[in-house]
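sequence plus predicted model, see below.
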Amino acid sequence: MIFRIKTYNNINEAGLEAFPRGLYEVGSSIESEDAVLVRSARLHEQPLSPNLKAVARAGAGVNNIPVDRLSEQGIPVFNAPGANANAVKELVIAGLFMGFRNIAPALEFVERIEGEGESFEKAVEAGKKRFVGRELPGRRLGVVGLGAIGGQVANAARSLGMEVIGYDPGLTVEHAWRLASDVRQARSLDELLGESDVVSLHVPLMDKTRDLINERRIAVMRPGAVLLNFARDGLVDREAVIASVESEHLGGYVTDFPHPDLLKRERVVALPHLGASTGEAEANSAVMAVQNLRDFLENGNIRHSVNFPDVVMPRTDGGRLAVANANVPNMVGQVGTALAEAGLNIVDLLNRSQGELAYTLVDVDGEVPETVAAAIEAIDGVLKARSIAPVSARG
Ligand SMILES: NC(=O)c1ccc[n+]([C@@H]2O[C@H](COP(=O)([O-])OP(=O)(O)OC[C@H]3O[C@@H](n4cnc5c(N)ncnc54)[C@H](O)[C@@H]3O)[C@@H](O)[C@H]2O)c1
Ligand SMILES: O=C(O)[C@H](O)COP(=O)(O)O
């Protein structure tokens, strides 16, 4: 079997090379694809191949992918958690300095100085007073979302002498372990906003987080506070942010998501979505996304999916059935009965559920015929059923 992978955007070569030739065809013009590999391209309006089995995001955010629609069809969406976190952290720290030291307007000022020699130097010295900044030690950074990126930003700010307060009601134990012990926990977003000199957003864009920073919340922020948004444009009410910067309640807005309305404004800095644009981050993200995709296509294993639980089972000698289904009673029972009726003995089985979805891997002592997989897929509540050949049968 050859797996067909359709790529969107520039996927780093290190990831593309991780697809073994002979087992994969990969490219931007592939049709009838088994899987999609994407960065930020918007897939919501793209037609989905009837063969589609998985979508992998070589990066963190999945708001460009129709996750709900894919979930309804039993199709996992993978991402690459943490793979680009260091790159984003570094740019956020640069953004912090930009916000506090007026670096962007100062550079622009220097570019415009005319003259040479002494007159040039005089213009430099005369002009610099317009760009007097503020230092970071002792100031408080509020980090909204303490996941892979927010956690690294919090720790880096601590090492710059800042106090850090964080807000993340869904903080995982794994991320909590990595956090500097003196990062203080805010009990609410408003508490964080009211106590911070700088606020940095590191949450995914979802219905629940759209316009998270709106007019009311900006009013809660300290006068002169700087807002950093390296997460997503839709997390802030842009008009409210602009109005607040103009009225000098907000001391600045530094973002990775430019928009015409943000340009040529004092105390606003907009970068061209550069957070994950380092060679290292692009390679890490592509390799992790390809690893996720390959393990799913070749073995049915699920790791780092945003809509399915982790389901990983070592391969046995025989074939495997991978079933995505609605999380309702008696699904595993019906799958087992169908396999028994086909004369297949179950060697190993793993079932996990998450929300409305469940996923089951069943290893058998033979190979699951396509007709049996198709009959199982026709069971009410089964979304996808796929027969996976024994490892020894791979080309
Ligand atoms: N600028 C860039 O190039 C760039 C690069 C990578 C990621 N991002 C953006 O950053 C986001 C975060 O990435 P990550 O790798 O840290 O993801 P992550 O999943 O590791 O962390 C996100 C954290 O946000 C928390 N969260 C969710 N809703 C929240 C809320 N309402 N309030 C507070 N916390 C909340 C979650 O519990 C989680 O801990 C991505 O979703 C993406 O949109 C941007
Ligand atoms: O969510 C992400 O990982 C970032 O926004 C990076 O997007 P990119 O892969 O298009 O640079």
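Arrived safely, thanks for sending. Numbering: from 1, shown residues only. Ligands and ions are numbered 1, 2, ... in the order given.

which non-adjacent residue is nearest the residue of the chain found nearest ligand 1?
Per CB to the nearest ligand atom, residue 147 is where the chain lies closest to ligand 1, at 1.8 Å. All C-beta spots, glycine's among them, are computed from the backbone N, C-alpha and C. Leaving aside its sequence neighbours, residue 147 sits nearest to residue 175 (CB to CB, 6 or more residues apart in numbering; 5.7 Å).

what of residue 246?
residue 265 (7.6 Å).

tell me the secondary structure for the one you found?
coil (DSSP: H, G, I helix; E, B strand; the rest coil).

which strand or helix spans residue 71?
Element membership of residue 71, judged by DSSP states H and E, is helix 67-72.

what's the answer for residue 143, then?
Assigned by DSSP H and E, residue 143 belongs to strand 140-144.

per-residue confidence averaged over that strand?
For strand 140-144, mean pLDDT rounds to 98.

from the contact counts, what lies against it?
Here strand 140-144 touches helix 148-159, strand 163-167, helix 189-195, strand 198-201, going by 3 or more CB pairs under 8 Å, 6 or more residues apart in numbering; DSSP states H and E.

for residue 335, find the nearest of these.
helix 148-159 (35.2 Å; CB to CB).

distance from that closest one to the middle of the chain?
The chain centroid and the centroid of helix 148-159 are separated by 17 Å, computed with CA atoms, centre = their mean, to the nearest Å.

now do the buried residues in that helix.
Residues of helix 148-159 classed as buried: 148, 149, 150, 151, 152, 153, 154, 155, 156, 157, 158 (neighbour count, 16 or more other CB atoms under 10 Å).

low-scoring stretches of the stretch 151-300 of the chain, by residue?
Counting by pLDDT under 70, the stretch 151-300 of the chain contains no low-confidence range.

flag every residue of it that's near ligand 1.
Listed as neighbours of ligand 1 in the stretch 151-300 of the chain under the rule CB under 6 Å from any ligand atom: 167-171, 175, 202-205, 209, 230-232, 256, 273, 275-276.

among those, which are in strands?
Secondary structure from DSSP state E places residue 167 of these in strands.

can you flag which of the residues of the stretch 151-300 of the chain next to ligand 1 belong to helices?
residue 175 (DSSP state H).

could you flag which of the residues of the stretch 151-300 of the chain next to ligand 1 are buried?
Here, 16+ other CB under 10 Å leaves 167-168, 171, 175, 202-205, 209, 230-232, 256, 275-276 buried among those.
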